[in-house]
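Enquirer: coords please:
(one chain, ligands or ions: 1)
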Amino acid sequence: MPRQAKVPALHEPDIAIASGLAGLNWSFPARVAHSGIEGLHPYPAKFIAELPRALVKTLPVPRGSAVLDPFCGSGTTLVESQKSGLPSVGIDLNPIACLMTRVKTAPLPPDLPSSANEAVDRARSDQASAIPPIPNLDHWFLPSVQQALAALTNAIAATQPVHHDPLRLALSSIIVRVSNQDSDTRYAAVEKDVNADAVFQAFLRAAKRLHDVLSSRSYSLVPANVMHADTLAVEPQDVPAPIGLVVTSPPYPNAYEYWLYHKYRMWWLGFDPLAVKKHEIGARAHFFKRDHHTEADFERQMARTFELISGVLVPGGYVCFVVGTSRIHGRVVDNASIVEEVARRFDLHRVFSAERSLSAKRKSFNLAHARIKTETVLVMR
Ligand SMILES: C[S@@+](CC[C@H](N)C(=O)[O-])C[C@H]1O[C@@H](n2cnc3c(N)ncnc32)[C@H](O)[C@@H]1O
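Expert: Numbering: from 1, shown residues only. Okay, here's the model as predicted:
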């Protein structure tokens, strides 16, 4: 006989919250994809902005507390919190995720376009920058592109420190385009007609777009705190504010590989993608070795995450997880049930859940592999 979990009856406020959430269409049919700040830089498996927006707007966040996303990726939860006037905290292992989140939530530094132009002028006259020792570089980048990227990274480092993050993000956003890689979702080397000038032009366009998008933000930039860390190693006292609401989408087993997606971006910006791979929850590499990971590892990782959440959450705070299924060696794993079961051990109980279908248009080489068609929105208190 399956064990029946004891679920406490919903309290009055939870009933009102649940009926408010039930009134929403979680497929967000009116959505217009990837405009403005959402489309600033590619990131796999990011939230559509409407999802955290609905949760942040519907669920209470007590005064003096912040919204937490312990797997913040491209920072969608933090941006939506900021738009609602709420302070937020994001944690991610991936340095590109942290760079994106910082830039999207920080004030725009003055004179960015002229700084981008100066960096390009400097890079154009630099033929001597050393090419960093990146594995397999010649397979993925033409020699003239390598020289241009090396010169640009050095030229950016010579700009004012406040310009480093936004200019590095602009550079990161063009890396795949100027490489021999076919596209962000297809790892095949193809012949492309790219030279140093094309790199500089693409960088200037990316910097201009970033400047235009960030300068058109019309809301107040309440503080968003980004922690570059392995969430499983973060202690409650490391989190800089009490947390009133958690909105997150965790990495789930054998579905995506964030480190691989951003591998060359990380190499070029001076980070080590292999160190990220080692600690990345769910990375497919962990499922194809002897002693491979299983759903038991995911359960343990979620238990550690909930230990952190329960150490920072204010009494009565809500916790929202958006999670899909996985396939591990042919078995379908219901990650939402694992999350809910783990949360229960920390006295967090389901108030609401909804199944939402994923857009068939969403381009991902991993979605097809894992046959992920829906995801669950799980709200607990
Ligand atoms: C589903 S994505 C989050 C996407 C995010 N909701 C967005 O809108 O962009 C999961 C994130 O978990 C991060 N991650 C994986 N393992 C981690 C770990 N051990 N500690 C912190 N973050 C981790 C990945 O880098 C990835 O950004």
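Enquirer: what secondary structure does residue 187 sit in?
Expert: strand (DSSP: H, G, I helix; E, B strand; the rest coil).
Enquirer: which strand residues bridge the nearest residue to it once chain neighbours are set aside?
Expert: The spatial neighbour of residue 187 that comes closest, neighbours along the chain excluded (CB to CB, 6 or more residues apart in numbering), is residue 181 at 6.4 Å. In this view, the C-beta of every residue, glycine as well, is placed from N, C-alpha and C. Beta-bridge pairing for residue 181 (DSSP bridges): residue 189.
Enquirer: next, count neighbours for residue 181.
Expert: By other CB atoms under 10 Å, the residues close to residue 181 number 21.
Enquirer: so it sits against residue 191, correct?
Expert: No: look at residue 181 against residue 191 with CB atoms under 8 Å: they stay out of range, at 11.7 Å.
Enquirer: backbone phi and psi for residue 191, please?
Expert: Residue 191 adopts backbone torsions of phi -80, psi 130, taken as degrees, to the nearest 10.
Enquirer: neighbours of it, how many?
Expert: 7.
Enquirer: do the same with residue 103
Expert: What residue 103 shows, counting by other CB under 10 Å, is a neighbour count of 23.
Enquirer: ok, now residue 38?
Expert: What residue 38 shows, counting by other CB under 10 Å, is a neighbour count of 19.
Enquirer: contacts only, for residue 276.
Expert: 93-95, 258-259, 266 (CB atoms under 8 Å, 6 or more residues apart in numbering).
Enquirer: apply 10 Å and report the result again.
Expert: Residues in contact with residue 276 (CB atoms under 10 Å, 6 or more residues apart in numbering) are 92-97, 230, 257-260, 262-263, 266, 283.
Enquirer: with residue 156 instead?
Expert: Counted by CB under 10 Å, 6+ apart, residue 156 has contacts 115-116, 119-120, 122-123, 163-168, 170-171, 203, 207, 269.
Enquirer: next one: phi and psi at it?
Expert: phi -70, psi -40.
Enquirer: and the pLDDT at it?
Expert: The per-residue pLDDT reported for residue 156 equals 98.
Enquirer: nearest spatial neighbour of it, skipping sequence neighbours?
Expert: Distance criterion CB to CB, 6+ apart; nearest residue to residue 156, sequence neighbours excluded, is residue 167 at 4.5 Å.
Enquirer: and the chain, which residues reach the ligand?
Expert: The chain comes close to the ligand at residues 43, 45-47, 71, 73-74, 76, 91-94, 97, 230-232, 249, 251, 258, 279-281, as judged by CB under 6 Å from any ligand atom.
Enquirer: residue of the stretch 101-250 of the chain closest to the ligand, please.
Expert: As assessed by CB to the nearest ligand atom, the ligand sits closest to residue 231 within the stretch 101-250 of the chain, at 3.7 Å.
Enquirer: that residue contacts residue 246, doesn't it?
Expert: No: the pair residue 231 / residue 246 is not scored as a contact, 11.5 Å apart, by CB atoms under 10 Å.
Enquirer: which neighbours do these two share?
Expert: By CB under 10 Å, 6+ apart, residue 231 and residue 246 have these common neighbours: 69-70, 305, 308-309.
Enquirer: give me the mean pLDDT for the host helix or strand of the residue nearest to residue 156.
Expert: Using DSSP states H and E, the element containing residue 167 is helix 161-178. Averaged across helix 161-178, pLDDT comes to 97.
Enquirer: next one: it to chain centre, how far?
Expert: Here helix 161-178 is found 16 Å from its chain centre; the criterion is CA atoms, centre = their mean, to the nearest Å.
Enquirer: was I right to think residue 324 contacts residue 338?
Expert: No: using CB under 10 Å, residue 324 is not in contact with residue 338; the gap is 11.9 Å.
Enquirer: need the residues touching each of those two.
Expert: Jointly contacting residue 324 and residue 338 under the rule CB under 10 Å, 6+ apart are residue 252.
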